[in-house]
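**Q** What shape does this take:
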Amino acid sequence: MSSPQLITPEEKLADAKKLLSFPRIVAICGSTRFMAEMAEADLRETMAGRIVVKPGCDLKSPHELWSDHVEAEALKIRLDELHRSKILLADEVLVVGDYIGDSTRAEIAYSRSLGKPVRFTHPEVDPDA
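**A** Modelled structure (predicted):
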């Protein structure tokens, strides 16, 4: 008798999304210098019938919620973890912009380690191309 196959949490999530007939989920990644381009990509992906998750704030733009440097550093760590969860939730990733920094490069590597398809608005910046 063979032992039962263990189902990973990722497989359970994929099965649940299929059972619920969810549209494809796209995680938008990229430098926050491209927030306007991310908003445009969000619009286009939404119009194409996809659910979109993306960075929700730009820590480089002044705001009272991250005006304290120490709190801003802790917030960045929490937001990076949150964005990795968005990538895990997504069916695919769209990288926006013509520049790839260290954070975006790490997000691309994480996405690919999960087997997520990665698209680029500027394919020439793909670090694996």
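
**Q** Next, the buried residues of the helix of greatest length in the chain.
**A** In the chain, taking DSSP state H as the definition, the longest helix is helix 69-89. Buried positions in helix 69-89, judged by neighbour count with 16 or more other Cβ atoms under 10 Å: 79, 83, 84, 86, 87. For every residue, glycine as well, the C-beta is placed using N, CA and C.

**Q** now for whatever helix or strand comes next after that helix, which elements pack on it?
**A** Counting by DSSP states H and E, the next helix or strand C-terminal to helix 69-89 is strand 92-95. Judged by 3 or more Cβ pairs under 8 Å, 6 or more residues apart in numbering; DSSP states H and E, the packing partners of strand 92-95 are strand 25-29, helix 102-113, strand 118-120.

**Q** Among the ones you listed, which comes closest to residue 71?
**A** If you check each of these against residue 71 by Cβ to Cβ, helix 102-113 wins as the nearest, at 18.8 Å.

**Q** and the closest one, what does it pack onto?
**A** The contact analysis (3+ Cβ pairs under 8 Å, 6+ apart) places helix 102-113 against strand 25-29, helix 69-89, strand 92-95, strand 118-120.

**Q** between these, which gets the lowest average pLDDT?
**A** Lowest mean pLDDT of the helices and strands packed on helix 102-113: helix 69-89, a mean of 94.

**Q** what's the offset of that one from the middle of its chain?
**A** Distance of helix 69-89 from the chain centroid (Cα atoms, centre = their mean, to the nearest Å) equals 12 Å.
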